[in-house]
Each structure stands twice: as C-alpha cells, then as structure tokens.
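In: Quick one: sequence and predicted model below, then my questions.
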Amino acid sequence: MAQVAALLTYLKSITRIQTFSVMVLFFSLILIVFYMTVQVETTHSLRSVRTQFPQQKGITRHVHLHNVSAGFRQTIPKSRAYWNRLLYSALMNLDKGGNPFNQNSNWSNCRLTNQEFLQINVHDFSSYPVQFWDFLEGMNCRTAPILIDQPNKCAFSKRKTESHTLLLFAIKSSPRNFERRQAVRETWGREMTYPNGLEVRMVFLLGSSPPQDPDLTPLLSFEAKLYGDILQWDFHETFLNLTLKMNMLLDWTLKSCPHVSFVFSGDDDVFVNTPALVRYIESLEASKVSSLYAGHVISAGSPLRDSNSKYYIPMSFYDGPYPPYAGGGGYLISGALLESLYSLLHIIPFFPIDDAYVGMCFMALGISPEAHSGFQTFDIRAEDREDLCAYKNLILVHQRSPQELKKLWKGINSSLLAC
Ligand SMILES: *[C@@H]1O[C@H](CO)[C@@H](O)[C@H](O)[C@H]1NC(C)=O
Ligand SMILES: *[C@@H]1O[C@H](CO)[C@@H](O)[C@H](O)[C@H]1NC(C)=O
Ligand SMILES: *[C@@H]1O[C@H](CO)[C@@H](O)[C@H](O)[C@H]1NC(C)=O
Ligand SMILES: *[C@@H]1O[C@H](CO)[C@@H](O)[C@H](O)[C@H]1NC(C)=O
C-alpha cells in the first residue's frame, strides 16, 4: 500500500497527460500481476475425475491410491507451462490427503466450456492446433460410456486363477480397420492355449467414428457378435484420445479381467511373434512377473516442438523431458500393476501422447521400463525384412500389412524353417 500512496502523490505532481499514461501503466501492471497469480487449482479441483468403477451388479470396488514417487516429482520441472501447473496442483491435493476418485465427474458435463479460462492460463492458446484445443477442453473426461462390451472375455480363467497364466492382447484399432483385425485374428492374435498352459485372449479397443465418416455401427455389431473381441467406447477415434483409450482399457480390465497375468498393449499394424512372447514370459524371474513394464524403451525422449508434427507439444503446454517409456507399438505390463497404474492415471493429468504418458505414470509408480531387443517398434534393418530367420527371436515388429502378417506367421511356424 505504501507504493500506491507514493504513486498517488507522484500522480498529483504531474500533468494530466502524464497522469493518463502512468495510470495506463499502473493498471497494466495490476492486470499482469493478476493473470500471473491466477491459479489453475480453482477450476481444476471442481472438475476432477469420477469415483471408483461404474457400479456393476452391486459390486463397488475401491481403488487404492498410489503415491507419486519422488523421482517423478524431481524429473518434471515446476514451471509455468499449463500441464506442469495442473500436475503440481494435483500433487498438492494428493499430499493434502485429497482423493481424485472422490471428486465427481460426469461424462456429459466434464468438458471445460469456458475457453476464457484456457486463454488466461495458456498465453498462446490461440496459436494451438484446433485438435489441441479440443484435447485441453476434454482433459478431465476420463471415463467414457461403453458401447460394445465383452464382459465374459476372461470368465473361463476366473475359475482357474491359480494354475493359469493369462495373456491379454489389448490392441488399439479403429472402426474402419477391419482387415487388420482379421489378419491379427488369423495369425498372432489367435485365442488359444499354448502348450504349457498359457492362455491368450484378444480384445480390440475402438472409439467411435466421427460423424463425417460413414456409419459402420451395424457391421461392427456383427463383427463383435461373430468374434467376441471388440470393445468400443463412446468417444471419437482420434490420436489425441489414445490416453483416454488407455484409461478405458485399465478400467475395463480391472472390472472384467481382474486376474489377468499380463496385458500386451499394442497397435493393429504390428507383427507379434506370439510363441517368442510366450517364451519370454516363461523365462521371467518371479520378481519380474509382478512388476514388468517391457518393450522398446525410448530413454531420452523429449517433446517435439514442430507444430506440423503429429507429436507436437507446445512449450507453454508442457515443459520438461519424457521419462523413459516403452514405444506404443507394443509393450507388456504385469497384471499385478494395473490397479496402481490406474490410480496414477487419475492423479496425473492426461497427456496428449499415450505411450509417453504411460511412461510418466510408471515413473510415478517407481517402475522403470525394461528394454528388450525383441521389441522393434522402429522396424528392423531393411535388408533383413525378407529374411524369416530375422523374425525367429523377435517379439514385435512395426509395421506390417495384413498380407505380410499372414506370410510371416506362416513362415515362422514352418517346420521347414532352418536358421
Ligand atoms: C508421497 O510422496 C511425497 C514425495 O516423495 C512425500 O513428500 C509424501 O509425504 C508422500 N505421501 C504419503 C502419504 O506417503
Ligand atoms: C450427469 O449429468 C447429466 C446432465 O448434466 C445429468 O442428467 C445426469 O443425471 C448426471 N449423471 C450423474 C451420474 O450424475
Ligand atoms: C475425444 O472424444 C470426445 C468424445 O467423443 C470428443 O468430444 C473429443 O473431441 C475427442 N478429443 C480429441 C482431442 O479428439
Ligand atoms: C503351426 O503349424 C502346425 C502345423 O504345422 C499347427 O498345428 C499349429 O497350430 C501352428 N501353430 C500356430 C501357433 O499357428
């Protein structure tokens, strides 16, 4: 207040024009200070995530909250970038004993409708790509209604939890990718029991087609009935909704496949050498069985700042490195980790790039990704691509066409293959 009094005394001593300019300067300063201190908490805390699992047949499961590791807190800078501020406000809430699951969130009104809020909190919001605006507005929408469910996918294994190892393939697909799904079903994704008792189950994860696309609903219902492996949720199938898809996968698995031993999350255009994956699982040490996050590890990634890139992350949105993460083409997670991971997805604000985000959540859990050279999400050397022997010990290669999947699958299983 002393400064204000001094300023007023000063104002009296100068001419009207000077007074005017000083007043303008003074109010600009006040405005700047005001905007700088506007905290994102106020609106954020009102719009956090929903509680527990959707009620199913009278069972309500409570998710145990996992703390966020000191390592993660040290890795992500406390900067003024929007996501960083959301994170630290969520951590403050967590450390005060707040439970993000207790905050009500409703799919029909979770979106941020007040664009002014974003314009105030992100100084160059207007320069963001349109799909990024959309992402920011929907960041608190974490639970979408399910359109096509497979509630009995893991039913058989529930009865034999002790003796069975269950591997669930959870493959990100989209409504129009029928041919790719069919190739996966006919090859590496076939539901079967491997010789030593490891059971493989398959689900394809789909969003809904945008309104401008032809309506594939009747075909999808038919496909879902015929194969029993389609999961679809009521959100648009877009790249920036993949983090939401991951959250829905965890939500669904904890509810409908709670005894799963391993989940393999991957794309529908990869080739997986399932026998090699099964061998890898069988070779794991007991301690790894319950704490695995394995794949092709990208260890020193950082956000791309080129606004033309699919992976563009504006500086004013996120500031910091990417923790080591397993490339999203395909990675393997222990079933025992799913619940803790799910709780972290509700604490850490959604991030536009799903695989980097999963890496963040694992770091928050205190688990580092396990690098395995059999996961080749950037493909193998061009000169080896036609050589079947090169695939014999690989676990995953990205990317292959449906026709190539069939050829490779037949090839690696041939008794004539001598390497
Ligand atoms: C969670 O972790 C943070 C940082 O390591 C620590 O300060 C805090 O006390 C922990 N909270 C609980 C409930 O353990
Ligand atoms: C969600 O919001 C809609 C509209 O605002 C309301 O009709 C509905 O009852 C709400 N659902 C829950 C579970 O709160
Ligand atoms: C995600 O899905 C929701 C629900 O359909 C949609 O409104 C939104 O535009 C999508 N978000 C992005 C970033 O594509
Ligand atoms: C591999 O080929 C044999 C026949 O040669 C067949 O019985 C078996 O089912 C095939 N394995 C897989 C995983 O397709």
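Out: Here it is on my side, so go on. Ligands and ions are numbered 1, 2, ... in the order given.

In: the helices in the stretch 301-419 of the chain, which residues?
Out: Secondary structure of the stretch 301-419 of the chain by DSSP state H, counting those that start in this stretch: the helices cover 338-347, 354-365, 402-412.

In: need the ones you listed in CSV with mean neighbour count, distance to residue 229 and mean pLDDT, can you?
Out: To be clear about C-beta, it is placed using only N, CA and C from the backbone, and glycine gets the same treatment. Output for the helices of the stretch 301-419 of the chain, formatted as CSV (neighbours: other Cβ atoms under 10 Å; distance: least, Cβ to Cβ, whole Å; pLDDT from 0 to 100):
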stretch, mean neighbour count, distance to residue 229, mean pLDDT
helix 338-347, 22, 19, 97
helix 354-365, 25, 21, 98
helix 402-412, 17, 16, 96
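
In: right, and these - which one's nearest residue 321?
Out: helix 354-365 (9.8 Å; Cβ to Cβ).

In: which residues are in contact with that closest one?
Out: The contact list for helix 354-365 (Cβ atoms under 8 Å, 6 or more residues apart in numbering) reads 66, 68-69, 71-72, 75-76, 242-243, 245-246, 265, 293, 298, 301, 322-328, 331, 337, 340-341, 344-345, 347-348, 350-351, 368-369.

In: Pull that helix out as CSV, backbone CA atoms only.
Out: What follows is helix 354-365, C-alpha atoms only, in CSV (Å, rounded to 0.1, in the frame of the first residue of the first chain):
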residue,chain,number,x,y,z
ASP,A,354,-0.4,-42.0,-24.7
ASP,A,355,2.9,-44.0,-24.6
ALA,A,356,4.9,-41.1,-23.1
TYR,A,357,2.1,-40.7,-20.6
VAL,A,358,2.2,-44.3,-19.6
GLY,A,359,5.9,-43.9,-19.1
MET,A,360,5.2,-40.9,-16.8
CYS,A,361,2.7,-42.9,-14.8
PHE,A,362,5.2,-45.8,-14.4
MET,A,363,7.9,-43.4,-13.3
ALA,A,364,5.4,-42.0,-10.7
LEU,A,365,4.9,-45.6,-9.6
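
In: report the angle between the axes of that helix and helix 338-347?
Out: 110 degrees (axes from the mean of the first three to the mean of the last three Cα atoms, to 10 degrees).

In: Helix 354-365 vs ligand 1: in contact?
Out: No: using Cβ under 6 Å from any ligand atom, helix 354-365 stays clear of ligand 1, coming no nearer than 9.9 Å.

In: Begin at 433, not 1, for the rest of this chat.
Out: Sure, I'll start numbering at 433, so the last one becomes helix 786-797.

In: nearest to residue 814, of the helices of the stretch 733-851 of the chain?
Out: helix 834-844 (14.0 Å).

In: For residue 746, see how far away residue 701 is.
Out: 28 Å (Cβ to Cβ, to the nearest Å).

In: Likewise for residue 576?
Out: In terms of Cβ to Cβ, residue 576 sits 25 Å off from residue 746.

In: Low-confidence bits of the stretch 433-582 of the chain, can you list those?
Out: 433-493, 536 (pLDDT under 70).

In: Spell out the residue ranges of the strands in the stretch 583-732 of the chain.
Out: Secondary structure of the stretch 583-732 of the chain, counting by DSSP state E, counting those that start in this stretch: strands at 597-604, 630-640, 662-668, 694-699, 702-704, 725-730.

In: just checking, what packs against the fourth one?
Out: In this case it means strand 694-699. Packing partners of strand 694-699 (3 or more Cβ pairs under 8 Å, 6 or more residues apart in numbering; DSSP states H and E): strand 597-604, helix 674-688, strand 757-766.

In: got TSV for the helices of the stretch 733-851 of the chain, with distance to ligand 2 too?
Out: TSV is the format used below for the helices of the stretch 733-851 of the chain (distance: least, Cβ to the nearest ligand atom, whole Å):
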stretch	distance to ligand 2
helix 770-779	17
helix 786-797	26
helix 834-844	41
